[in-house]
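Student: With the sequence up front, the predicted model follows.
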Amino acid sequence: MNNVERLSTGIVEFNKLIEGGIPRDFLVAVTGEPGTGKTIFSIHFIAQGIKEEDQCIYVTTEESRDSIVKQAAQFGIDFLKAIEVKKLLIIDALMGLEDPWSLKSLEVEELVNKVIEAKKILGYGRSRLVIDSLSAFWLDKPAMARRYSYLVKKVLSKWDFTVLATSQYAITTSDAFGFGLEHIADGIIRFRRIIRNGVLKRYILIEKMRQTNHSLTMHEITIVKEKGLIVLGEAKERKEDFALPKPVIDKIMNSKIKREMEMP
């Protein structure tokens, strides 16, 4: 395992859970419900890339470019300066702006072409890409999730990208909007949330990381102003504490599969 080149996530305590970082050229699914920390984790990953002089691209589908810049600034990360010196490009897929780094539609082919265009501008060499979120590209056609995920991985793997692709899960069922990304991904970092005694708690669990002897234990995390995401330590709760009863899950899954099979 020592010959595997790994990219730091920018979060020291998290790196320790995955033997120092994410293997280069991996596509990692960052999954979880809204408000669990996926975007902040992704911001740390890009900020570390800027420090290490990697070429960095951030695609935002559910927030504006300005919102991502402001979120980063809350944690002392200056994305505006990185954009000015051409170490970072943020592609805005939400606002429909008339500028070169906006997507006009949520079509996965347009996404891939725009990312390659950005990569050519930034230059060759080790690169980091965040797609936040990839699941936005199949919200109205979940049956296409696996095909789209495969296309993104196949095309962009030729361009020296290490990719974080976030995927939104339903807050009610903890279920993905479409199946496929998790099967295609080289790694899965699962974010979770739970309310205990009226307090929101957040957790992180590495469910899959190829070529890595990774932690199998869920860890509690928190978000701190001017610092960002911090790993607090092993969680007291069990993974099962977050799940719906199995008969309920089975019913939801069967209904979803049936619905997708009926889609034209």
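Tutor: That came through, no problem. Residues are numbered from 1 along each chain as shown.

Student: what distance separates stretch 191-202 from the centre of its chain?
Tutor: Its chain's average C-alpha position is 20 Å from that of stretch 191-202, according to C-alpha atoms, centre = their mean, to the nearest Å.

Student: What residues sit buried inside it?
Tutor: 191-194, 201-202 (16 or more other C-beta atoms under 10 Å). Placement of C-beta: from N, CA and C, glycine included.

Student: Return the subset of those lying in helices.
Tutor: Using DSSP state H, no member of the buried residues of stretch 191-202 falls within helices.

Student: Can I get the residues you listed in JSON lines including distance to residue 183?
Tutor: As requested, these are exported to JSON lines (distance: C-beta to C-beta, whole Å):
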{"residue": "191", "distance to residue 183": "19"}
{"residue": "192", "distance to residue 183": "20"}
{"residue": "193", "distance to residue 183": "24"}
{"residue": "194", "distance to residue 183": "26"}
{"residue": "201", "distance to residue 183": "29"}
{"residue": "202", "distance to residue 183": "25"}
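
Student: Would you agree residue 223 falls within a helix?
Tutor: No - counting by DSSP: H, G, I helix; E, B strand; the rest coil, residue 223 falls outside a helix, being strand.

Student: I'd like to know how many residues surround it.
Tutor: Per other C-beta atoms under 10 Å, the neighbour tally for residue 223 reads 16.

Student: in the sheet, who's paired with it?
Tutor: Note on residue 223: beta-bridge partners by DSSP bridges are residue 229.

Student: Please tell me how far it sits from residue 90.
Tutor: 21 Å (C-beta to C-beta, to the nearest Å).

Student: Could I get the full set of strands for the stretch 1-150 of the chain?
Tutor: 6-7, 22-23, 27-32, 55-60, 88-92, 127-132 (DSSP state E, counting those that start in this stretch).

Student: strand partners of the fourth one, parallel vs antiparallel please.
Tutor: In the sheet containing strand 55-60, the strands it pairs with under DSSP bridges are strand 88-92 (parallel), strand 127-132 (parallel).

Student: Repeat that for the second one.
Tutor: Within its sheet, strand 22-23 is paired with strand 6-7 (antiparallel), according to DSSP bridges.

Student: same deal with the third one?
Tutor: Paired with strand 27-32 in the same sheet, following DSSP bridges, are strand 161-168 (parallel), strand 187-196 (parallel).

Student: quick one: average pLDDT of it?
Tutor: Across strand 27-32, the average pLDDT comes to 96.

Student: Output that strand as CSV, nothing but the C-alphas.
Tutor: Presented in CSV, the C-alpha positions along strand 27-32 are these (Å, rounded to 0.1, in the frame of the first residue of the first chain):
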residue,chain,number,x,y,z
LEU,A,27,-13.6,8.9,-8.0
VAL,A,28,-15.1,9.0,-4.5
ALA,A,29,-18.8,9.3,-3.7
VAL,A,30,-19.5,11.7,-0.8
THR,A,31,-23.1,10.8,0.2
GLY,A,32,-25.6,11.9,2.8
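
Student: Which residues does that strand contact?
Tutor: 22, 38, 41-42, 152-153, 156-157, 162-169, 176, 181-182, 184-193, 209 (C-beta atoms under 8 Å, 6 or more residues apart in numbering).

Student: Please name whichever of the strands paired with strand 27-32 is nearest to residue 227.
Tutor: Ranking the strands paired with strand 27-32 by proximity to residue 227 (C-beta to C-beta) places strand 187-196 first, at 17.7 Å.

Student: got a list of contacts for that closest one?
Tutor: Contacts of strand 187-196 (C-beta under 8 Å, 6+ apart): 18, 22, 26-33, 35-38, 41, 174, 182, 200-210, 212, 218, 237, 241-242.

Student: Thought residue 228 was touching residue 13, still the case?
Tutor: No - the criterion here is C-beta atoms under 8 Å, and residue 13 misses it with residue 228 at 11.8 Å.

Student: Show me which of the two is the more surrounded one.
Tutor: Between residue 13 and residue 228, counted using other C-beta under 10 Å, the more crowded position is residue 228 (22 against 14).

Student: how about the residue nearest to the more buried one when sequence neighbours are not counted, what does it touch?
Tutor: The shortest distance from residue 228 to any non-neighbouring residue, by C-beta to C-beta, 6 or more residues apart in numbering, is to residue 75 (3.9 Å). For residue 75, the contacting residues are 40, 43-44, 225-228, by C-beta under 8 Å, 6+ apart.
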